[in-house]
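**Q** give me a 3D structure for the following:
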Amino acid sequence: MLRAVLDSDREAIGRYCALPEVTRYLPFPALDEEGLTQRMRRLVAATAPSAPEEFLALAVEHDGVLVGDLMLRFTAAHGPGEPPAIAELGWVFAPEHSGRGFATEAARALIDLGFGHYPLHRVMAQLDPRNEASAALCRRLGMRHEAHTREDYPDRDGGWSDTSVFGLLRREWEAL
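**A** Okay, here's the model as predicted:
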């Protein structure tokens, strides 16, 4: 089940977002209490995006247990005053629930929402190319690997990381 992120999800989200192996390829480090407070504030508030840089956050629940969270962040509109046309998809899942199809099912539902409810032209995902599990998820969703940019993202060790970009156009989604 996909639903809004609630303040009461803090403990579950804190458990998996505190794990270095979970946040290894994410744009934030393993969360401490302060980082978790900031993340929860953003996730709980992200319920009704309508403009670029706003996002929708959803909790993924299975049998009453929170197994992960997803976001759909609007990145660009076709023109000034137009509704967002491009959105970035992102996800974080608890490792003990991996391999059961939850991420695929939840991300597919969020893409359906993105193209079905919002007037999106394109959904994309940006990830560290070493994150093979996320790349495989993108492919299962019907996304194409579109780019590999080298050393374009500062990493937490003072160096640079690469970025892989996957994308899915509305017409491709409609054909699936």
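
**Q** for the nearest residue to residue 10 once chain neighbours are set aside, give me its contacts.
**A** Leaving aside its sequence neighbours, residue 10 sits nearest to residue 40 (C-beta to C-beta, 6 or more residues apart in numbering; 5.3 Å). Yep, even glycine has a C-beta here, placed from its N, CA and C like the rest. Counting by C-beta atoms under 8 Å, 6 or more residues apart in numbering, residue 40 touches 5, 7, 9-10, 13.

**Q** try it again at 10 Å.
**A** Contact analysis of residue 40 by C-beta atoms under 10 Å, 6 or more residues apart in numbering lists 5-7, 9-10, 13-14, 17, 31, 57.

**Q** ok, residue 27 next?
**A** Taking C-beta under 10 Å, 6+ apart as the criterion, residue 27 is in contact with 90, 126, 128, 153-154, 156, 161.

**Q** which of these are buried?
**A** Taking 16 or more other C-beta atoms under 10 Å as the criterion, what is buried in those is 90, 126, 128, 161.

**Q** hang on, the earlier thing: now flag whichever of the contacts of residue 27 is closest to residue 35.
**A** When these are compared for distance to residue 35 (C-beta to C-beta), residue 156 comes out closest, at 12.7 Å.

**Q** how about the spatially closest residue to that closest one that is not a sequence neighbour, what does it touch?
**A** Excluding the flanking residues, the one nearest residue 156 by C-beta to C-beta, 6+ apart is residue 29, at 5.8 Å. Contacts for residue 29 were tallied using C-beta under 10 Å, 6+ apart; they are 17-18, 20, 23, 35, 156.

**Q** quick one, helices of the protein?
**A** 10-17, 20-23, 33-45, 102-116, 132-140, 170-175 (DSSP state H).

**Q** make sure residue 2 is actually in contact with residue 110.
**A** Yes - here residue 2 lies in contact with residue 110, judged by C-beta atoms under 10 Å, at a distance of 7.1 Å.

**Q** returning to that earlier point: and which of the buried ones among the contacts of residue 27 is nearest residue 135?
**A** Once C-beta to C-beta is applied, the member of the buried ones among the contacts of residue 27 that ends up nearest residue 135 is residue 128, at 9.2 Å.

**Q** count the neighbours of the residue nearest to the closest one when sequence neighbours are not counted for me.
**A** In space, residue 128 comes closest to residue 25 once its chain neighbours are excluded; the distance is 4.0 Å by C-beta to C-beta, 6+ apart. Residue 25: 16 surrounding residues under other C-beta atoms under 10 Å.

**Q** what bridges to the residue positioned nearest the centre of the chain?
**A** When C-alpha atoms, centre = their mean is applied to the chain, the residue found nearest the centroid is residue 90 (1.0 Å). Beta-bridge partners recorded for residue 90 (DSSP bridges): residue 71.
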